[in-house]
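Asks: Everything below, folded, please.
(2 chains)
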2 protein chains.
Amino acid sequence: MFESAEAGHTVSQKAFRREEAVLRNELLLAQNALRNEAAFPVLIVIAGMEGSGRRETIACLHEWLDPRFLSTVAFVDADRDDPDHPPMWRYWQALPPRGRIGILADSWYAAPMAQRLAGELKRMQLDARLERIRRLETLLVNEGALLLKFWFHLGKAAQMARYRQLRDHPETAWRVSAASRMRLGQYDAVRKVAAHVLRLSSTAEAPWIILDGSDDNYRKLAVGRALRDALAQRAGHPPPRIPHAAPLQTGRDRRNVLSTLDLSLALSDRKYERELARLQGRLAGLMRHRRFARHSLVLAFEGMDAAGKGGAIRRVSAALDPRIFQIVPVAAPSDEERAQPWLWRFWRRVPGKGRVTIFDRSWYGRVLVERIEGFCSEADWLRAYAEICDFEHELVEAGAIVLKFWLQIDKAEQLRRFREREQTSWKQFKITQEDWRNRGKWAQYQEAAVDMIDRTGTGRAPWITIEANDKRHARIKILRSICEAVEHAMGID
Amino acid sequence: MFESAEAGHTVSQKAFRREEAVLRNELLLAQNALRNEAAFPVLIVIAGMEGSGRRETIACLHEWLDPRFLSTVAFVDADRDDPDHPPMWRYWQALPPRGRIGILADSWYAAPMAQRLAGELKRMQLDARLERIRRLETLLVNEGALLLKFWFHLGKAAQMARYRQLRDHPETAWRVSAASRMRLGQYDAVRKVAAHVLRLSSTAEAPWIILDGSDDNYRKLAVGRALRDALAQRAGHPPPRIPHAAPLQTGRDRRNVLSTLDLSLALSDRKYERELARLQGRLAGLMRHRRFARHSLVLAFEGMDAAGKGGAIRRVSAALDPRIFQIVPVAAPSDEERAQPWLWRFWRRVPGKGRVTIFDRSWYGRVLVERIEGFCSEADWLRAYAEICDFEHELVEAGAIVLKFWLQIDKAEQLRRFREREQTSWKQFKITQEDWRNRGKWAQYQEAAVDMIDRTGTGRAPWITIEANDKRHARIKILRSICEAVEHAMGID
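Replies: Model (predicted):
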């Protein structure tokens, strides 16, 4: 893994100056083209051994590039910095938009490596974390990001020399902390963990670039060249789309998770009122339970137009303290959202601990409306199933209770509700031409919904299908499902 | 102040049901029109005595209105919740965009009132806080917000009755905390502070609506009606613009803060290199000083095109750890930013403690390009001077070191630099038709800059005018000014 990086590389000051002058201009022009076209973001991960020149290289990139369109973020220990949100949340917040360059110092690799070294993570746990990172990186690359990962290596002798040099110079002595001295003593362990991490996280779409960190000039030029070449290669060449081998399903019969629902299920008014009050009280109590402070609640509502999502959400939110929840009605993305990977706009709404977010339509739009209307390519929505599962997995891992409701009505019931809306003055605004157009694609939506439920229903983030021809039955089943899931998660069932 | 609210108001259940049915529809239609037109945001402040029904009323609004386009935020004690940012910062983050309704429970009034009651604020300090709140509210209203402030009052006997009712009911007993029992014993003090606060913060543009809180039905209907009527009144009636009496200045001569600068000031290359290294080292050291953890640094760079802002920023940022600063190049606002009051997009970039934000162009665009190009009305940019001073005052109060640089070049020097850019391959992208157009408005920009400096230079957030015909002199003066200001703020000069 580190053989070539330990072979010794140096660049003379004179050679450095000569190449630097050319490289700077090339980088500046490439950065400007990137900014003007705003076609994709660039993400640079800078990692490496203690004292391997990460800081110097980042400073150098800020000097070479236009620093106004470059940002560096560092999360020393994302798991502990903000225990309120899932660890990946803060990386999502910090992603550069299309056209910009973002540097990650202490990236998503820092925390798992440090925890493994401190003995807080078992090997298997480390591997699981790496797998999640790998999947996130794949998503980013598929969304168009240019991802460059640099590892600066130092041999043992080089590291000691570097340490003495820092320590003995008054301007850098402050950087030699007790922690860094400790890590110095762990050289062999660090090297071993690093080799393991690099091996497991080097992928075709985001390979590690391993460089000798001992010579400043060599390292800086190597990074600059790699960035220049990567930008040149990408300019005008969109990344190849993942080929898709076969249709999702063939030879379907009429029996599926939706067609087998009993839409005749109904509740009497009296029973509904009684149950509603009881369940809203139960949910309100659960939200005030001290154990809920360790959790959060994420609810996604999907269904055909007029399936009763709004009314159901209203019955749920009525049980919640308005100060702890937000409802996110999902419509077209804003321009800031369009400049980011598609899941970004959902990540930014993820609730903190003790809080609730209700999504009226959700990230599942990717495999419903976007699939059917062709707003994204087939490759895009096909990979979305896995991306969604990963997203929800991150939430669940961080204590979130994730529930997804599909409200199923039949076509006749939809027609009845459309007509009713047209005839009720204060409901007229709820019915538009688009609703009628979507109705024309009923079968396609049903097929997409079946695929969605089959492919993203997991034990920890289940789909709950709701027979919604009767609104009373639907609302009660939703409330009950939420109460039971929350009780189960908090261990009080 | 509270006379009418103590006169006793009740609405029977039957009368409530009857009016509620009509009011709900009216509110829903008004909310929908608000959302479709997206012309202005609605901000509802709900405040009042302990047990006066704030919670119930907020829940009722969530029931009556479409909760998907309504959000409630509460900051129990904004001053302590997030000591990293100025107290007003989190309210700015939580403002509803145009077309939405936001409810502030525990608004910006909560912390000062609680602190005054706890004896932590002197009367004069309270009044100063109220003045700042008043100025913020004026800004919001001038930016188009519909601001409704409700105070729910309870007489002493009514409050005791309400407390017993809550305590004795198993579903509400949890709400009677030790803190609320304590505040109950302070009735007279609370009443006195409340009367004072309401008096000082009732303005023509945002008067308090004081309501008897003792009867649930009366209170809810009163709030619903007030909201309905306010929405109806605003629909299609933009708020009147503030009249402007006289031109800013008359009979100007040629002597002003810019014309009197000595643009011949220059530095030799040798002296520049030596000073640059020295000052960058000094600044780097200051940023690592432990006292800086209590401060933040906000730098704004303004000047004509080609005045050397970018180059100067580069020399400053080179002295900073890339992990603690961000550079914000100010261009056209995003659509999320356009849906908010104009200062919002700068508030969202305010650095936390120990961090630096460098603005390449800034909020001063309001009184420069927006004034000259007519992007906002005269009334808008005229009030901006005071709004900017208030904004910077909030930052300084929270420990920020705020410095504003105007880089002054003369017209001949600008021409020379434009020509040079056109002739240097890797600088060509920096010169556009717009630069030439702006150059045609040189005199207007100079006049606007003089007004700006005269009207917004304060002792705590000063303008530093930079003689920038010589880039070396400019950069050194900027770096020295920053070092001196930081040292002064940290008390080490």
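
Asks: Can you tell me the SS state at residue A:211?
Replies: Following DSSP: H, G, I helix; E, B strand; the rest coil, we place residue A:211 in the strand state.

Asks: What residues are bridge-paired with it?
Replies: Taking DSSP bridges, one obtains residue A:152 as the residues bridged to residue A:211.

Asks: tell me the contacts of it?
Replies: Residues in contact with residue A:211 (CB atoms under 8 Å, 6 or more residues apart in numbering or on different chains) are A:5, A:150, A:151, A:152, A:153, A:218, A:219, A:222, A:223. From N, CA and C alone the C-beta is placed, and that goes for glycine too.

Asks: and if we set it to 6 Å?
Replies: Taking CB atoms under 6 Å, 6 or more residues apart in numbering or on different chains, we find residue A:211 in contact with A:152, A:219, A:222.

Asks: same thing with residue A:144?
Replies: Residue A:144 is in contact with residue A:40, counting by CB under 6 Å, 6+ apart.

Asks: Check residue A:99 too.
Replies: For residue A:99, the contacting residues are A:34, A:35, A:38, by CB under 6 Å, 6+ apart.

Asks: try 8 Å this time
Replies: Shown in contact with residue A:99 (CB under 8 Å, 6+ apart): A:34, A:35, A:36, A:37, A:38, A:39, A:40, A:41, A:69, A:339.

Asks: among those, which are within reach of chain B?
Replies: Restricting those to those touching chain B (CB under 8 Å from any CB of the partner chain) yields A:36, A:69.

Asks: and the contacts of residue A:99, which of them are in helices?
Replies: Judged by DSSP state H, helices contain the following of these: A:34, A:35, A:36, A:37.

Asks: What's the separation between the second one and residue A:190?
Replies: The span separating residue A:35 from residue A:190 equals 37 Å under the rule CB to CB, to the nearest Å.

Asks: higher neighbour count, these two?
Replies: Taking neighbours as other CB atoms under 10 Å in any protein chain shown, residue A:35 and residue A:190 compare with residue A:190 leading, 20 against 17.

Asks: so the more buried one touches residue A:50, yeah?
Replies: Yes: using CB atoms under 8 Å, residue A:190 is in contact with residue A:50, at 7.4 Å.

Asks: what about the stretch 51-200 of chain A, any weak spots by pLDDT?
Replies: For the stretch 51-200 of chain A, applying pLDDT under 70 flags the ranges A:76-82, A:178-183.

Asks: hang on, the earlier thing: buried only: go through the ones in helices among the contacts of residue A:99 for me.
Replies: A:34, A:35 (16 or more other CB atoms under 10 Å in any protein chain shown).

Asks: Output the ones in helices among the contacts of residue A:99 as CSV; include the columns distance to residue A:123 and pLDDT.
Replies: Compiled in CSV, the ones in helices among the contacts of residue A:99 are given as follows (distance: CB to CB, whole Å; pLDDT from 0 to 100):
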residue, distance to residue A:123, pLDDT
A:34, 39, 94
A:35, 43, 93
A:36, 46, 90
A:37, 43, 90
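
Asks: which of the ones in helices among the contacts of residue A:99 lies closest to chain B?
Replies: residue A:36 (7.7 Å; CB to the nearest CB).

Asks: and the nearest residue to residue A:66 once chain neighbours are set aside, which of the three is it?
Replies: Nearest non-adjacent residue to residue A:66, counting by CB to CB, 6 or more residues apart in numbering or on different chains: residue A:31, 5.9 Å away. What three-state DSSP gives for residue A:31 is helix.

Asks: Do I have it right that residue A:31 meets residue A:64?
Replies: No: in this structure residue A:31 lies outside contact range of residue A:64 using CB under 8 Å: 9.0 Å.

Asks: List, one by one, the residues from the stretch 201-350 of chain A near chain B.
Replies: Residues of the stretch 201-350 of chain A lying near chain B (CB under 8 Å from any CB): A:281, A:288, A:310, A:313-314, A:317-318, A:321-323, A:326-327, A:329, A:334-336.

Asks: Could I get the contacting residues of the spatially closest residue to residue A:402 that is not a sequence neighbour?
Replies: Distance criterion CB to CB, 6+ apart; nearest residue to residue A:402, sequence neighbours excluded, is residue A:461 at 4.0 Å. Contact analysis of residue A:461 by CB under 8 Å, 6+ apart lists A:389, A:392, A:393, A:395, A:396, A:402, A:403, A:404.

Asks: mind redoing it with 7 Å?
Replies: Residue A:461 sits next to A:392, A:396, A:402, A:404 when contact means CB atoms under 7 Å, 6 or more residues apart in numbering or on different chains.

Asks: Helices - which of the residues you listed land there?
Replies: Mapping these onto helices (DSSP H) picks out A:392, A:396.

Asks: Adding pLDDT, write the contacts of residue A:461 out as CSV.
Replies: Below are these laid out as CSV (pLDDT from 0 to 100):
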residue, pLDDT
A:392, 96
A:396, 95
A:402, 97
A:404, 98
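
Asks: Which of the contacts of residue A:461 sits closest to chain B?
Replies: Of all these, chain B sits closest to residue A:404, with 17.6 Å by CB to the nearest CB.

Asks: Surely the closest one touches residue A:463?
Replies: Yes: using CB atoms under 7 Å, residue A:404 makes contact with residue A:463 at a distance of 4.9 Å.

Asks: between those two, which one's more packed in?
Replies: Per other CB under 10 Å, whichever of residue A:404 and residue A:463 has more neighbours is residue A:404, with 25 against 21.

Asks: Any idea what that one is bridged to?
Replies: Residue A:404 has these beta-bridge partners by DSSP bridges: residue A:300, residue A:463.

Asks: count of neighbours near the nearest residue to residue A:353 once chain neighbours are set aside?
Replies: Computed as CB to CB, 6+ apart, the closest residue to residue A:353 that is not its neighbour in sequence is residue A:84, at 5.1 Å. Residues within reach of residue A:84, counting by other CB under 10 Å, total 15.

Asks: Which secondary structure state is assigned to residue A:84?
Replies: Secondary structure, three-state DSSP: residue A:84 is coil.

Asks: Excluding chain neighbours, what is closest to residue A:422?
Replies: residue A:431 (5.7 Å).

Asks: measure the one you found to residue A:423 for me?
Replies: Relative to residue A:423, residue A:431 is positioned 10 Å away (CB to CB).

Asks: With neighbour numbers in mind, choose between these two.
Replies: More neighbours surround residue A:431 than the other of residue A:431 and residue A:423, with 19 against 10 (other CB under 10 Å).

Asks: Quick check, pLDDT for that one.
Replies: Per-residue pLDDT puts residue A:431 at 80.

Asks: now it: how far from chain B?
Replies: Residue A:431 sits 12 Å away from chain B when distances are taken as CB to the nearest CB, to the nearest Å.

Asks: Please parse chain A into its domains.
Replies: A:4-234, A:269-489 (automatic domain parsing).
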